[in-house]
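Participant: Okay, sequence plus prediction incoming.
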Amino acid sequence: MTATETAENAGSGVQGAPLFQLEGVGFEISGRTILDDLDLMLEPGRVHGLIGPNGSGKSTLVKLLARQAHPRSGHIGFSGRPIDAYREREFARQLAYLPQTPPPTDGMTSRELVALGRYPHHGPLGRLGANDEVAIEEAMVRTGTGEFARRPVETLSGGERQRVWLAMMIAQGARCLVLDEPTSALDVAHQAEMLELVRRLCDDHDHSVVIVLHDINMAARTCDRLIALEGGKIVADGPPAEIVEPQMLERIYGVRMGVFSQPGTGAPIGYVA
Amino acid sequence: MSRPKSDTASPRLPVRLPGAVAAGLWLLLLLTCLAVFALAARHSLEGLAPGFAGNYLAYGLLPRGGFALLGGAALGLAGALLQRTLRNPAADASTLGVGAGAQLALGAATLFAPTLIAEARSVVAFIGGGSALLLVLVLARNRNYDPVTMILCGLVVSLVCGALSATLILAGGDYMLSLYLWGGGALAQTGWRNDAVLIGLLVAAGLAAFLLRRPLALLGLSDETAKSLGVSTAAIRLAAVLVATILATTVTAFAGIIGFVGLMAANLARLSGARTPGTLLLAAPLVGAVLLFATDAVVLAIEAVAGTTVATGAVTALVGGPLLLWLLPRLPQRATVPMAVSFRRLAQPRAMLLWLAVLTFVAALVSLLLMPDGAGVLTDPAAIAALMPLRWPRLLAGASAGAMLAVAGVVLQRFTANPIASPEVLGISSGAGLGLAVLLVAVPFAGTGAMLLATGAGSLAALAAILVFARAARLGPERLLLGGIAVASLAGAGVTLVMARGGPEASRLLDWMSGSTLRVTSSLALAEAALAVLLLPLAVLAHRWLAVLSLGGVTSRSLGLSPTRAGGLLVTLAAILTAAATLAVGPLSFVGLMAPHLARSIGFARPKEQLFGAALLGAAIMIATDTAARSLAFPYQLPTGLFAALVGGPYLVAMLLRKPR
């Protein structure tokens, strides 16, 4: 992250405050409760994994965190301020969000898409300045997308495309990345590659990450903390070692599951018994 | 995953009535209308000579009632078949361009091959309507037959056909105006011949529908599922569409366009409890029969009391328009395949822009200096000086309007991410037409100033209606298009109603609709140029918004751009640009559809370049068409709208021939 960005970002939010603070957050759609009176605190500088079965409320929760939807009840704080207190571009400089299905890109090249990540900084009328160019370059280098900078995004493979979208989020200069199942359309190799990138962003560049993942083992491998939802409620919350454990997994997914240690690393691996 | 999509994506239909109750209510309506029909008939027979009254009843009124019932049934069945086959609850002969296509073919045949009309009226109508539907379906194929896109294509095709019909009527003079009268859907009959044809057709079509009911039930799921269950989807679809087209075009051949009866019949039948395809195919014709009969009974009563002619078809459209408005937000949205976007990009877009500017300038120069009959260039200074005051206002107004329409088109296509969106389908120009129609009914010989005011007020009213509609639907781009379509349909029905009255106001309205720049004054031209200079830079300032918004609402929001606010401003800008351009060149030019596309195909990929490129192209196209319209039939002036539609039609075809990636 460049010096100017850090200075910009330090301007809003409160130092030392939790990344997210949720109090009594509820959400419903036409009478059906999706999230039920949720209390949750997420810390900065860590990778948080949201797991749980289909329909448990994971995607809705990340939508609320990314301000794509508003809770019906309760309060969400982001970096020490109410989440609604941020102005639009100010919020976009703090938090970048990747939806589950990224939209079609209308013939844009990779570089043009990544450059759009600078919109929150220069706005509708400002010129693309030198530090914008630097941020775009850096984002593309970090995600290894420089080689197809001039190719239309639509012609890229699924894994390459996801990396370009990640590059756009990085170019956005936000400290907090919120990703909704970024690996669901990728094969195993590309899943691992994508998640390693996310992990590195957290370790080397002090980003905070909230990520929805389907695969419990991938989640355990990547995240510092796993939060499991079921029926709109948090049913488990803790480091992966505590979550990937037979009784816990059965409670989350409702099927009998076993766990063994990965040969070599000793990391716990869950499987359907 | 816990995406809350199941609740928002499925069509929200209100509680259905129990079938028996609904059937009772429909029967009650039919009986009431029979009574109204009888009373109106008695009223109109009063005072006629006894022998004539008997004949009028037996060969005029009774066949008319029968035709209303049979025609309504035919349209209802056609609507149900189309909706079922295309999985699109807004499908109807009038929303898919079938009526307008049939009308155009009949108009052309009346003018160029009158014997054909006498002998094979239905065949002519079928060829016209069938071609229009085919065009719509091929256009929509590129977008996975997405219902919204299909209706958009239907509207565009209808508008092109309507422009061509209007031009034919103008070219044909007074006697063709009666064609427009008929085009509004007049059910008057002179004997039982048409009724007999419809009965035969309905029996045959009913049999076909009965045979098709099971495959159609499977087709309602998805093509893949139907295929895997052993249904030959292509053959079934072709058969059903063919039957529907024959039914709808035959009714059009006999009575003109009767708008939205099929749309209403099939949807009301569904709401009345017809759930399975079998019951729907049975109920929709019955509901359609009652609907058209009811409308015609009311029209008869009005005519008997007020003594004026009212076009039944336009009245059904006025009733059906609001239904379409209600229905459109509930359309299922299919995951669309993005349309073929050109990946061409220019290495030197500035150089190309310079070339285009030179080209536009040369076109303007040629247009100013061309001999009146286009045979050469004027060299005589006296002649140039004499013609200049006639020429420059048209040129300036046309070029400014072309540039404004093109920019409005770029804004709309980028914002909605739909390449068929154009100012024409926003309903702004139709609103302008309606404003003018209302003025001309009140003051048939109103002056130019009043006409300008009326079109301006109509455009703004249409814009307000669209924005209210879109705001209610949270301003999603698709919703916005739908609002535009509904406004365009409603305003169009209103214009038809005025047109069907005949009289001097009808021919003035036609003149304006065909897009003549003949009456542009120098002050109007200067005003147009000033508006263009004022408004176009605003669009260029918003080019970053266009880039971000084309990624959709979620990504725009996460980049810190509110799609509601930015989108609302952009749409307002596009509407003002369109209204301003409409004042000078009439409602139909399709420059707003063509120029953005051409700019994209040339390789202006970024929004900023596309805006500049399209503006120049729009100006150049307008200059070229206006010059051609002026010179080709010298000393007569052809309406510019005809030319633009003649270019726009083939352009649409060319667009659909491009395969999606």
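Facilitator: Nice, I can see it.

Participant: Can you report how many residues neighbour the residue in the stretch 51-200 of chain A that chain B sits nearest to?
Facilitator: Chain B sits closest to residue A:92 of the stretch 51-200 of chain A, with a gap of 3.0 Å, by Cβ to the nearest Cβ. In short, each C-beta sits where N, CA and C put it, glycine included. When neighbours are counted by other Cβ atoms under 10 Å in any protein chain shown, residue A:92 registers 26.

Participant: what about the spatially closest residue to it that is not a sequence neighbour, helix or strand, and which?
Facilitator: Using Cβ to Cβ, 6 or more residues apart in numbering or on different chains and skipping residues adjacent in sequence, the residue nearest residue A:92 is residue B:560, 3.0 Å away. For residue B:560, there is no host helix or strand (DSSP states H and E).

Participant: Residue B:560 against residue A:117, yeah?
Facilitator: No - using Cβ atoms under 8 Å, residue B:560 and residue A:117 do not qualify as a contacting pair, with a distance of 10.5 Å.

Participant: So for the two, which residue has more residues nearby?
Facilitator: Between residue B:560 and residue A:117, counting by other Cβ under 10 Å, residue A:117 is the more crowded of the two (25 against 22).

Participant: confidence score at that one?
Facilitator: For residue A:117, the model assigns a pLDDT of 92.

Participant: and the residue lying closest to residue A:240 once chain neighbours are set aside, how many neighbours does it have?
Facilitator: Nearest residue to residue A:240, sequence neighbours excluded (Cβ to Cβ, 6+ apart): residue A:220, at 3.8 Å. Number of residues near residue A:220 (other Cβ under 10 Å) recorded here: 23.

Participant: which residues does residue A:220 contact?
Facilitator: By Cβ atoms under 8 Å, 6 or more residues apart in numbering or on different chains, the residues touching residue A:220 are A:49, A:226, A:240, A:243-244, A:267-268, A:270.

Participant: got the contact list for the residue of the stretch 51-200 of chain A closest to chain B?
Facilitator: Contacts for residue A:92 (Cβ under 8 Å, 6+ apart) come out as A:119-120, A:172, A:174, B:558-560.

Participant: Report the next helix or strand after the worst-scoring helix or strand of chain B on mean pLDDT in sequence order.
Facilitator: The weakest-scoring helix or strand in chain B, judged by mean pLDDT, DSSP states H and E, is helix B:5-9 (a mean of 35). For helix B:5-9, the following helix or strand on the C-terminal side (DSSP H and E) is helix B:19-45.

Participant: Looking at chain B, which helix is longest?
Facilitator: Criterion DSSP state H: the longest helix present in chain B is helix B:381-416.

Participant: and that helix, which residues are buried?
Facilitator: For helix B:381-416, burial by neighbour count (16 or more other Cβ atoms under 10 Å in any protein chain shown) applies to B:387, B:391-416.

Participant: Check stretch B:100-119 too.
Facilitator: For stretch B:100-119, by 16+ other Cβ under 10 Å, it's B:100-111, B:116-117.

Participant: what does stretch B:124-143 give?
Facilitator: Neighbour counts over stretch B:124-143 (16+ other Cβ under 10 Å) mark B:124-133, B:135-137, B:139-140, B:142-143 as buried.

Participant: Any chance of the backbone angles for residue 46?
Facilitator: Defaulting to chain A. Main-chain torsions, residue A:46, degrees, to the nearest 10: phi -130, psi 160.

Participant: To clarify, I was referring to chain B.
Facilitator: In terms of degrees, to the nearest 10, the main-chain angles of residue B:46 are phi -60, psi 140.
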